[in-house]
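In: model the structure of this input:
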Amino acid sequence: GNVMRFYWERVEASRNFANKLWNASRFVLMHLEDGIGEYDEKDLEVEDRYILGAFGETLRQATKNLENKEIGLAAAEIYDFIWSKYCDWYIEMVKPRLYAEEDTPSKNAARGTLRRVLEGILTILHPFMPFITEEIYDVLRTDESMLISAPWPDEADFVTDPDASRAVDKLIETVTEIRNLRAQMNVGAKRRSDLYIVANDEVREDYKRTEGLLKALGFANEVRYLDADPEENDMLSIILSGAKIYLPLSDLVDIEEEKKRLEKEREKIQGEIKRAEGKLANKGFVDKAPAQVVEDERQKLAAYKEQIASLEESLAKLG
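Out: This is a model prediction of the structure:
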């Protein structure tokens, strides 16, 4: 019932979402060719229990929103779950199991979970995107049924596992921070490092449950648990709730080469600062140039100074 403006950006975002769903479905179907994904509940890994519980929570929230005629909220719940939790995280988590050469119970559990959650996704997304969901379901189904007549998923079939949810949420938070730190340091994907973790007992146990995933997604060689902060100075730290993560700087970069690169960049930015300050100190420029041009120059100068501060901080970390 809301009046909404038309935005091309919204159309493009919806197209991107449709592509995301289509590609994720193709990936799942590719790994179901040798079987439909039958599995035993006892073979589920922590990430499987996490995504099943996360879908159950999404199902409950979306159902409640639809019953209250809050269509936009229901769509947002489903969208966020599909894009982030299922596509960006769960599919990445299970890839090592799917690409394993042997058919193990764990591999079948990954297949089955992918299929089970995808079926649930298609069902609750169908009222919003009927055509693409019906097309995917037509390939996924094992009988002649149609998605439009399929029953709404039963919430009782997707029970949340609090321990798995907590452990994987902590894993996602940690991996996100590690990736952000590596991006700031311009560390390539091929370069791996050890991880040192100082955490309380509960968080330490959560990390141990997801240690294999932490190594794979966090570019780690080894994960080591400490009772106190390391004494070494050449460590980069990440502070999280209940835990501190330390990465040896020497594992991430060639310190001397990185120093040279940063010093060269600092020299370049200092030259830009000198140029901008000289321009703004020129009364003729300030008085005669259009106001927007002068303001743009001031903004450039402020940005250069921020870059210098960041470079100085990075150089200080290198010693």
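In: the helices in the stretch 1-150 of the chain, which residues?
Out: 8-30, 46-67, 71-80, 91-98, 105-125, 130-140 (DSSP state H, counting those that start in this stretch).
In: C-terminal to the helix-or-strand element of the chain with minimal mean pLDDT, what's the next element?
Out: For the chain, using mean pLDDT, DSSP states H and E, the weakest element among its helices and strands is helix 249-252, scoring a mean of 81. The first helix or strand that comes after helix 249-252 along the chain, using DSSP states H and E, is helix 255-281.
In: what packs against that following helix?
Out: Counting contacts by 3 or more Cβ pairs under 8 Å, 6 or more residues apart in numbering; DSSP states H and E, helix 255-281 packs against helix 291-318. In this view, the C-beta of every residue, glycine as well, is placed from N, C-alpha and C.
In: what's the spacing between Lys95 and Ala74?
Out: From Lys95 across to Ala74, the span is 30 Å (Cβ to Cβ, to the nearest Å).
In: ok, those two, which is more surrounded?
Out: Counted by other Cβ atoms under 10 Å, Lys95 and Ala74 do not tie: Ala74 has more neighbours, with 22 against 15.
In: ok, the more buried one touching Thr58?
Out: No: counting by Cβ atoms under 8 Å, Ala74 stays clear of Thr58, with 9.6 Å between them.
In: for Pro153, give me its contacts.
Out: 59, 120, 123-124 (Cβ atoms under 8 Å, 6 or more residues apart in numbering).
In: do Leu195 as well
Out: Going by Cβ under 8 Å, 6+ apart, Leu195 touches 178, 214, 218, 220, 222-224, 245-247.
In: any of these buried? List them.
Out: Buried residues within the contacts of Leu195, counting neighbours by 16 or more other Cβ atoms under 10 Å: 178, 214, 218, 220, 223, 245-247.
In: of all the contacts of Pro153, which comes closest to Asp161?
Out: Leu59 (15.1 Å; Cβ to Cβ).
In: related to what we said a few turns ago, in CSV, list the helices of the stretch 1-150 of the chain along with distance to Lys279 and mean pLDDT.
Out: Listed next are these as CSV, based on distance: least, Cβ to Cβ, whole Å; pLDDT from 0 to 100:
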stretch, distance to Lys279, mean pLDDT
helix 8-30, 35, 94
helix 46-67, 54, 96
helix 71-80, 46, 94
helix 91-98, 48, 95
helix 105-125, 55, 94
helix 130-140, 54, 94
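In: mind giving me CSV with these and columns for distance to Ile197?
Out: Output for the helices of the stretch 1-150 of the chain, formatted as CSV (distance: least, Cβ to Cβ, whole Å):
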stretch, distance to Ile197
helix 8-30, 31
helix 46-67, 17
helix 71-80, 29
helix 91-98, 19
helix 105-125, 25
helix 130-140, 40
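In: among those, which is nearest Thr210?
Out: helix 46-67 (6.0 Å).
In: residues in contact with that closest one: which ones?
Out: With Cβ under 8 Å, 6+ apart, helix 46-67 has contacts from 44, 71, 73-74, 77-78, 81, 85-86, 90, 93-94, 109-110, 113, 116-117, 120-121, 124, 127, 152-153, 155, 157-161, 164-165, 167-169, 209-210, 213.
In: just the CA atoms of it, as PDB, please.
Out: Only the C-alpha atoms of helix 46-67 are listed here, as PDB (Å, rounded to 0.1, in the frame of the first residue of the first chain):
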ATOM      1  CA  VAL A  46      28.400 -26.900  12.700                       C
ATOM      2  CA  GLU A  47      27.900 -24.700   9.600                       C
ATOM      3  CA  ASP A  48      25.000 -26.900   8.400                       C
ATOM      4  CA  ARG A  49      23.300 -26.600  11.800                       C
ATOM      5  CA  TYR A  50      23.900 -22.800  11.600                       C
ATOM      6  CA  ILE A  51      22.300 -22.300   8.200                       C
ATOM      7  CA  LEU A  52      19.300 -24.500   9.000                       C
ATOM      8  CA  GLY A  53      18.700 -22.600  12.100                       C
ATOM      9  CA  ALA A  54      19.200 -19.200  10.300                       C
ATOM     10  CA  PHE A  55      16.700 -20.200   7.700                       C
ATOM     11  CA  GLY A  56      14.200 -21.200  10.400                       C
ATOM     12  CA  GLU A  57      14.600 -17.800  12.000                       C
ATOM     13  CA  THR A  58      14.100 -16.100   8.600                       C
ATOM     14  CA  LEU A  59      11.100 -18.200   8.000                       C
ATOM     15  CA  ARG A  60       9.500 -17.300  11.300                       C
ATOM     16  CA  GLN A  61      10.200 -13.600  10.900                       C
ATOM     17  CA  ALA A  62       9.000 -13.500   7.300                       C
ATOM     18  CA  THR A  63       5.800 -15.500   8.100                       C
ATOM     19  CA  LYS A  64       5.000 -13.100  11.000                       C
ATOM     20  CA  ASN A  65       5.600 -10.100   8.700                       C
ATOM     21  CA  LEU A  66       3.400 -11.500   6.000                       C
ATOM     22  CA  GLU A  67       0.600 -12.300   8.400                       C
END
